[in-house]
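give me a 3D structure for the following:
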Amino acid sequence: MTAEFHWSEFTPEWTLDPGTTYLNHGSFGPPADTVRRERERWSETLCRNPMDFYLRRMEDELDTASNHLGKFIGCRGEDLVFVPNATTAMNIVAENFPLETGDEVLLNDHEYGAVIRIWGRACSRAGARTVLAPTPSEVTTPQEIVDAIFNRVTPKTKLIVVSHITSASALIFPVEAICREARVRKIPVCIDGPHAIAMREVRIADLKCDFYCGSLHKWLAAPFGAGFLYVTGARKSGLRPNLLSWGRSLGGRPMIWKDEFQWVGTADSAPYLSVPAAIAFLERIGLDRFRDQTHALARFARERIIEDLDGVPISPDSPEWYGSMVTVRLPWVASRAAFPNAFHPLQKFLWDEHRIEVPVVNWRDEIHLRVSCHLYNSPEQIDRLVESVQRWRGAQN
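I've put the predicted structure just below:
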């Protein structure tokens, strides 16, 4: 399964700590060196003449970058605006979406904890409430996810918030079917999509969702601080950032909806302007090659964890369910509930003793290992992870 790839071919594209086995690109994905240099070039351009850059160049450069990104993710550049990350984007949606007393915002039990908190606060302020749809513990068909979500829809449901690819469980959700059913019921949809960009082919306009929140420092491996918010149609009208500034074009061009977001105080837009370089980097390698190689390695990790660590899969073995990142349950590991204010002892051991960076995830009060794979990872690193967990397990007996 893994023999068809030359695993070290792209490793020189990154400058990583040589003493670390980094299997957590899904949380904090380091940019390739060529992208990092592009970010530095833009920062230097700003510093040479900030007045010229901010007043005469920045808006046009941001338009160019957003058009490039829009082409990559299947939407118009004019329908998206750069923000630092998906969390920022989700906060903007939550602060602007109209809610009233008694309304409901529907999420599910795979959703990212920060997203649940964001909507919990928004609902609390409005006298509304969040509803978490329970999903099957072991899914077998995408329709099970769709049914689980819409079984909790009521006349009070004003918005569905759903991940394109979930964080803790690393599952690819059937967002196309969810958006399709939501349109039939006339319920707006906000997609949390930081893990989907580059890992999957994303065509946002085809989804016909109302909002899409993305981070680009994950699988696209753009610089940290590069994310976006996509907004459809009339929902742009009156949309305001959480930080209020001048709300107009610095260069004097006619006002557009993005102006409220593109100048919220003095900041370095280099991460945004480096996004085209990140896209070009993966396109040079080949998106199919990237997706095939990282999925093959995630599948290898899944197999080894199941066979050698008595892991329990949480989905069928298919690229329909997981891509470059996979989560497997470890039923023999004690819940992190016993360690509420610290890393799980297994995660601490892997770093302290073996310099392996990998999340030990407490999801549904059970412990899971989530392995992320990018082009700098290899089967040998998966072997090292499994052998290290075996050592920890042996020491516990």
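
helices along the protein, start to end?
Assigned by DSSP state H, the chain shows helices spanning 33-48, 50-52, 58-73, 86-96, 113-126, 142-150, 175-185, 204-207, 259-262, 270-273, 275-285, 287-309, 345-354, 379-396.

please report phi then psi for residue 203.
With angles defined as degrees, to the nearest 10, residue 203 sits at phi -130, psi 90.

need the nearest residue in space to it, chain neighbours excluded.
Of all residues beyond its chain neighbours, the one nearest residue 203 is residue 74 (3.2 Å), with distances taken as Cβ to Cβ, 6 or more residues apart in numbering. Every C-beta, even on glycine, is put in place using the N, C-alpha and C of the backbone.

that older thread, to residue 24, which of the helices of the chain lies closest?
Residue 24 sits nearest to helix 345-354 of all those, at 10.3 Å, using Cβ to Cβ.

the closest one to helix 379-396, inter-axis angle?
Put simply, helix 345-354 runs at 110 degrees to helix 379-396, going by axes from the mean of the first three to the mean of the last three Cα atoms, to 10 degrees.

okay, buried residues for helix 345-354 please.
With burial defined by 16 or more other Cβ atoms under 10 Å, the residues of helix 345-354 counted as buried are 345-347, 349-350, 354.

does residue 197 really touch residue 214, like I thought?
Yes: checked against Cβ atoms under 8 Å, the pair residue 197 and residue 214 is within contact range at 5.3 Å.

rewinding a little: now for the residue nearest to residue 203: which residues touch it?
Residue 74 makes contacts with 202-206, as judged by Cβ atoms under 8 Å, 6 or more residues apart in numbering.

thinking again about what came up before, return the most buried member of the helices of the chain.
Between those, helix 270-273 has the highest mean count of neighbours, a mean of 25, where neighbours are mean count of other Cβ atoms under 10 Å.

can you list the residues that contact that one?
Applying Cβ under 8 Å, 6+ apart, the contact partners of helix 270-273 are 38-40, 42-43, 46, 61-62, 65, 82, 84, 217, 222-226.

model confidence over it, on average?
When pLDDT is averaged along helix 270-273, the result is 98.

how far does that helix sit from the chain's center?
In terms of Cα atoms, centre = their mean, to the nearest Å, the centre of helix 270-273 is set 18 Å apart from its chain centre.

hang on, the earlier thing: which residues do residue 197 and residue 214 both contact?
Taking Cβ under 8 Å, 6+ apart as the contact definition, residue 197 and residue 214 share the neighbouring residues residue 73.

leaving out sequence neighbours, find the closest residue to residue 146.
Using Cβ to Cβ, 6+ apart and skipping the chain neighbours, the partner closest in space to residue 146 is residue 177 (5.0 Å).

ok, the closest residue to residue 236 other than its chain neighbours - contacts?
Nearest non-adjacent residue to residue 236, counting by Cβ to Cβ, 6+ apart: residue 257, 4.3 Å away. Applying Cβ under 8 Å, 6+ apart, one finds that residue 257 lies in contact with 81, 231, 236-237, 239.

any low-confidence regions in this protein?
Of all residues in the chain, those with pLDDT under 70 make up the ranges 1-3, 336-341.

nearest residue to the spatially most central residue of the chain in space, please, no chain neighbours.
The structure's the chain has its C-alpha centroid closest to residue 194; by Cα atoms, centre = their mean the separation is 2.0 Å. The shortest distance from residue 194 to any non-neighbouring residue, by Cβ to Cβ, 6+ apart, is to residue 215 (3.6 Å).

list the contacts for that neighbour?
Per Cβ under 8 Å, 6+ apart, neighbours of residue 215: 85-87, 194, 197, 226-227.

what domains does the record give for this structure?
As recorded under automatic domain parsing, the domains making up the chain are 11-31+286-396, 36-281.

gap between the first one and the chain center?
Using Cα atoms, centre = their mean, the mean C-alpha position of domain 11-31+286-396 is found 17 Å from that of the whole chain.
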